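Asker: everything below, folded, please.
(chains A and B)
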Amino acid sequence: MKRPLNLLWLQSGGCGGCTLSLIGAEGPDLITSFATAGIEVLWHPSLSVETGRSVVAIMERVTSGEVPLDILCLEGAVMRGPNGTGRFHMMAGTGRPVMDWISDLAAVAGHVVAVGSCAAFGGITAAGANHVEACGLSYDGTEPGGLLGHGFLTKSGLPVINVAGCPIHPDWLTETLHQIAAGRFDESHVDEWERPVSYTNHLVHHGCSRNEFYEFKASAERLCDLGCMMENLGCKGTQARADCNIRPWNGSGSCIDGGYPCINCTSPSFEEPGHSFTATPKVSGIPVGLPTDMPKAWFVALAALSKAATPVRLKTNATADHVAVPPHDRQKRRP
Amino acid sequence: MSRLVVGPFNRVEGDLEVKLDVSGGWVRSAEVVSPLYRGFEQILQGKLPQDALVYAPRICGICSVSQSIAAARALAEAQGLGVAANGRLAIDLIHATENVADHLTHFYLFFMPDFAREAYAGESWHQAAASRFRALSGTAAEEVLPARAQWMHMMGILAGHWPHTLGIRPGGSTRAVTANEQARMAGIVGAFRRFLERTLFADALERVANLSTADDLASWREEKPALQGDFRHFLAISEALGLDRLGRAGSLFMSYGAYHAAAGHLFRRGLWKAGCPTSLDLSLITEDTENAWYAPAERPLPPTSGETVPGDGTGKGYTWCKAPRLAGEAVEVGAIARQLVNGHPLIRDLVGSGSGNVHARVVARVLEVALVVTAMESWIRDLRPGEAFCEHGATPADGEGTGLTEAARGSLGHWLKVRNGRIANYQIIAPTTWNFSPRDRNGNPGPLELALEGAPVLAGETEPLAVQHIVRSFDPCMVCTVH
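Answerer: Prediction:
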């Protein structure tokens, strides 16, 4: 019988939100998901019983090679500050910077998984002037490097797998772990930022419930309006890589279904968009961030056409917070 | 005297180390260390005020909605903006969903698994506790995780997703729910009520909510066998271990008031001091950095003019947590404080004029689940689909605002200053900053430091069990603490 895969989970400069999102996994729940993948959790800070010295003992047995580490998960950014000392995040009970523990553990791990945009790229923790010197495992924003360095490969021969997102959808991780456990995760399963293609081969735009508004460029003007949020409210759904509108969050939701724009949280450096998250920067009235692979002139021409053809229903509903004009079958007269 | 360093401390949110001076089998004094600094107050400097609603919730993945609400309130005050009636209800529902999930997560995944430890193998109650609450493999987690996930469907409907929703705005919420969604939410809350009444309480929520004295609680417990309902299971263990004598801190409690949809708060704002209610004067709040790794300040500063300048993590000081004080006194916050201030008779009876303890903290939290879920049922009924959920306004170029709310684990405040259209200062005091604060310049310990004094340490214990129960009884959130 195959030995279960050992998983060790560390948290550094993040918020714990990816773990909290993850325990919302359903169909199956997280614990069942680990069990069915044949994954044994050596330690997870929120879920395990071991505390204090027994945790340090686990980490020492792993770094010494006594216990094999198949999957190392890091949640949260690597904290290198101040001045490269790592003292902004010391591993409790060890008097040692967490970044040093991460380096040692990554060196012996079969796979390393960055859970969330902080661990992948630095994320929100790296926002602003980044006095804390937060970075990801193998990226610092969009720059290759991070803690482990450009070209770092784990014992499996794979780079760090970046399950980016702020937070992650639980399935993004559980499916990746199941693929790893089945021995079916290879280079072809990651994109150019080493994110699993299982969710980044999609755009957030795919399956967006506001697609009809998008088609006719019927735009929302204020948060709460039902229309497309691309033109005025900063929505990056046509550029952002994730399947949020195909795979529901918490049963039925997504950011856009919740009435707020996509902020492209799976992308490196999303935390510094250079403009307000809820406003679209424009040049002569035309949004700067157009759909990734569409020629600008065509977009402008088509948008002008579709705006001219916008049905009254969509034009009206786009700036309302509920359906003010419902669709109506023309064969049936209203009472 | 010997020194014991306990860490990494697990099953709390974030990073924690506890340093204990031990002699004669008990803790003489404790230092509580928050070893992670991220610097959200600095990240927010110079940002557009409305973008605080993207950054601030990301302080914390366990109470991101509470952070959103505090930020939205601070902005609303700066804007002089009111909140749409539906928006108030929606925000309360979103907030209550998070807070109840937090209480549930804490009870089942963070607190109870300690009773499954081998160290308790000799106790008559151990076998049942171990099979029910063992971390990662107990039968409770198998039932609770799916129930919790279904519960969080409230977030899918009301807020798009959780954590880190952007949908809470100064004037309401961005998701106007429809009549059918109102019906779906009633179904979700109804299903969760059934789970609570079968699994957690083995009784109706109303009966639990109406327990009014320690004697009432004891006779309620004896109505049924000890393992009928996980709350009863806890009460039996708590009695066997004397958890009411463990983890006593000060006798000053604070609540900023929680849930605002109706006139006033569902749980009111105020103080409970040595058994008496008193009013809360926010201007008496200061933060002391004397024993934290920050640039020294001449005096403790009020959050309206607070400063956050980190040092290099060496030298004087032992934590990244500041020491908030109210008129110079350490304050305990949390469900226990909310229920004392609001006047719940059971919690007032359990605490009396004295201090909180492990037993009362857990009872208050579990009781609050019953109180809040019941209230949510009426908030859902009060929603009026078709009417506005959000008011809109513009942030002024210059202004100030304070945003106060109650996270599951206690009082959370944001203090915002806007100059020339940008954030000029943003100060945050989180619940665990209050509870896990270090000593102030007068040497007064924070609530947890005080609660740990006198904790028993058995021979050979490196992670004393009593210390673990005490620490977790506060339901700490360390990522919020130093933010």
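Asker: is it true that residue B:236 touches residue B:125?
Answerer: Yes. The pair residue B:236 and residue B:125 passes the contact test of C-beta atoms under 8 Å, sitting 6.3 Å apart. The C-beta positions use only the backbone N, C-alpha and C, and glycine is treated the same way.
Asker: OK, contacts around residue A:12?
Answerer: With contact taken as C-beta atoms under 8 Å, 6 or more residues apart in numbering or on different chains, residue A:12 is in contact with A:74-79, A:89, A:98-99, A:102, A:119, B:36.
Asker: please repeat the previous calculation with a cut-off of 10 Å.
Answerer: Under the criterion of C-beta atoms under 10 Å, 6 or more residues apart in numbering or on different chains, the contact partners of residue A:12 comprise A:74-79, A:86, A:88-89, A:91, A:97-99, A:101-102, A:118-119, A:125, A:134, A:137, A:147, B:15, B:36, B:38.
Asker: so what's the closest residue to it other than its chain neighbours scoring on pLDDT?
Answerer: With C-beta to C-beta, 6 or more residues apart in numbering or on different chains as the measure, residue A:76 is the residue that lies nearest to residue A:12, at 4.2 Å, once sequence neighbours are left out. Listed pLDDT for residue A:76 reads 98.
Asker: and for residue A:76, the neighbour number?
Answerer: As a burial measure, the neighbour count of residue A:76 was computed by other C-beta atoms under 10 Å in any protein chain shown and equals 31.
Asker: looking at the contacts of residue A:12, which are in helices?
Answerer: Filtering the contacts of residue A:12 for membership in helices, criterion DSSP state H, returns A:98-99, A:101-102, A:118-119.
Asker: make a ChimeraX selection of the buried ones in the residues you listed.
Answerer: Burial among those is assessed by 16 or more other C-beta atoms under 10 Å in any protein chain shown; the matching ChimeraX selection reads:
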select /A:98,99,101,102,118,119
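Asker: of all the ones in helices among the contacts of residue A:12, which two lie farthest apart?
Answerer: Between all members of these, the longest pairwise span (C-beta to C-beta) is found for A:101 and A:118 and amounts to 16.6 Å.
Asker: and the helices in chain A?
Answerer: With DSSP H as the definition, chain A shows helices at residue ranges A:17-22, A:30-37, A:53-63, A:98-108, A:117-121, A:170-181, A:197-200, A:211-215, A:296-308, A:312-318.
Asker: most packed of these?
Answerer: Comparing the helices of chain A by mean neighbour count (mean count of other C-beta atoms under 10 Å in any protein chain shown), helix A:117-121 ranks first with a mean of 33.
Asker: who does it touch, helix- and strand-wise?
Answerer: Packing contacts for helix A:117-121, counted by 3 or more C-beta pairs under 10 Å, 6 or more residues apart in numbering or on different chains; DSSP states H and E, involve strand A:5-11, helix A:17-22, strand A:69-75, strand A:109-115, strand A:134-135, strand A:139-140, strand A:161-163.
Asker: and the last one, which strands flank it?
Answerer: This points to strand A:161-163. As defined by DSSP bridges, the strand partners of strand A:161-163 come to strand A:109-115 (parallel).
Asker: okay, buried residues for the partner strand please.
Answerer: For strand A:109-115, a neighbour-count test (16+ other C-beta under 10 Å) marks A:109-115 as buried.
Asker: what residues does the stretch 351-483 of chain B have near chain A?
Answerer: For the stretch 351-483 of chain B, the residues found near chain A under the criterion C-beta under 10 Å from any C-beta of the partner chain are B:385-392, B:462-464, B:467-468, B:471, B:477-480, B:482-483.
Asker: against residue A:216, how distant is residue B:49?
Answerer: Residue B:49 sits at a distance of 33 Å from residue A:216 (criterion: C-beta to C-beta, to the nearest Å).
Asker: ok, these two, which is more surrounded?
Answerer: Neighbours per residue, other C-beta under 10 Å: of residue B:49 and residue A:216, the larger number sits with residue B:49, 27 against 22.
Asker: ok, that one - contacts?
Answerer: Under the criterion of C-beta under 10 Å, 6+ apart, the neighbours of residue B:49 are A:276, B:71, B:74-75, B:78-79, B:170, B:395-397, B:399, B:401, B:416-418, B:421-424, B:426.
Asker: which of these are buried, as a PyMOL select command?
Answerer: The command below creates a PyMOL selection of those among the contacts of residue B:49 that count as buried (16+ other C-beta under 10 Å):
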select buried, (chain A and resi 276) or (chain B and resi 71+74+75+78+79+170+395+399+401+416+417+418+423+424+426)
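Asker: in helices, which of the contacts of residue B:49 appear?
Answerer: In this view, those that belong to helices under DSSP H are B:71, B:74-75, B:78-79.
Asker: and the residues you listed as TSV, adding distance to chain A and pLDDT?
Answerer: Formatted as TSV, the ones in helices among the contacts of residue B:49 follow (distance: C-beta to the nearest C-beta, whole Å; pLDDT from 0 to 100):
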residue	distance to chain A	pLDDT
B:71	13	98
B:74	17	98
B:75	12	98
B:78	16	98
B:79	14	97
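Asker: among those, give me the pair with the biggest separation.
Answerer: Using C-beta to C-beta, these span at most 12.5 Å, a distance reached by B:71 and B:79.
Asker: need the residues touching each of these two.
Answerer: Between them, residue B:71 and residue B:79 share the contacting residues B:49-50, B:170, B:401, judged by C-beta under 10 Å, 6+ apart.
Asker: out of the residues you listed, what pair is the most spread apart?
Answerer: In terms of C-beta to C-beta, those reach their longest pairwise distance at B:50 and B:401, which sit 12.3 Å apart.
Asker: which neighbours do the two share?
Answerer: Counting by C-beta under 10 Å, 6+ apart, the residues touching both residue B:50 and residue B:401 are B:71-72, B:75, B:79, B:170, B:395.
Asker: re earlier: and the helices of chain A, which one is worst for confidence?
Answerer: helix A:296-308 (a mean of 89).
Asker: which strands or helices does that one pack on?
Answerer: Where contact means 3+ C-beta pairs under 10 Å, 6+ apart, helix A:296-308 is packed against helix A:211-215, strand A:286-287.
Asker: identify whichever of the ones you listed lies nearest to chain B.
Answerer: Comparing the helices and strands packed on helix A:296-308 by their distance to chain B (C-beta to the nearest C-beta), the top pick is helix A:211-215, with 15.3 Å.
Asker: which strands or helices does the closest one pack on?
Answerer: Contact partners of helix A:211-215 among helices and strands, from 3+ C-beta pairs under 10 Å, 6+ apart: helix A:296-308, helix A:312-318.
Asker: how far off centre is it?
Answerer: The chain centroid and the centroid of helix A:211-215 are separated by 25 Å under C-alpha atoms, centre = their mean, to the nearest Å.
Asker: now swap in stretch A:220-230 and tell me
Answerer: Using C-alpha atoms, centre = their mean, the offset of stretch A:220-230 from its chain centre is 23 Å.
Asker: buried stuff in that stretch?
Answerer: Taking 16+ other C-beta under 10 Å as the basis for neighbour counts, the residues of stretch A:220-230 that come out buried are A:220, A:222-230.
Asker: those: which two are farthest apart?
Answerer: Spatial extent of the buried residues of stretch A:220-230 (C-beta to C-beta) is set by the pair A:224 and A:230 at 16.1 Å.
Asker: Provide the strand pairings for the helix or strand of chain A with the lowest mean pLDDT, with the direction of each partner.
Answerer: Taking mean pLDDT, DSSP states H and E as the measure, the helix or strand of chain A with the lowest value is strand A:286-287, at a mean of 82. Each strand paired with strand A:286-287, and its direction, by DSSP bridges: strand A:282-283 (antiparallel).
Asker: got a list of contacts for the strand it pairs with?
Answerer: In this structure, residues lying in contact with strand A:282-283 by C-beta under 10 Å, 6+ apart are A:231-232, A:275, A:288-289.
Asker: the longest helix in chain B is where?
Answerer: The helix that spans the most residues within chain B, counting by DSSP H, is helix B:358-382.
Asker: other SSEs contacting that one?
Answerer: helix B:85-105, helix B:179-195, helix B:205-209, helix B:214-222, helix B:230-241, helix B:335-342, helix B:345-351, helix B:465-473.
Asker: identify the residues contacting the spatially most distant residue from the centre of chain B.
Answerer: What lies farthest from the middle of chain B is residue B:420; by C-alpha atoms, centre = their mean that is 34.5 Å. For residue B:420, the contact set (C-beta under 10 Å, 6+ apart) comprises B:46, B:397-398.
Asker: perfect, that will be all.
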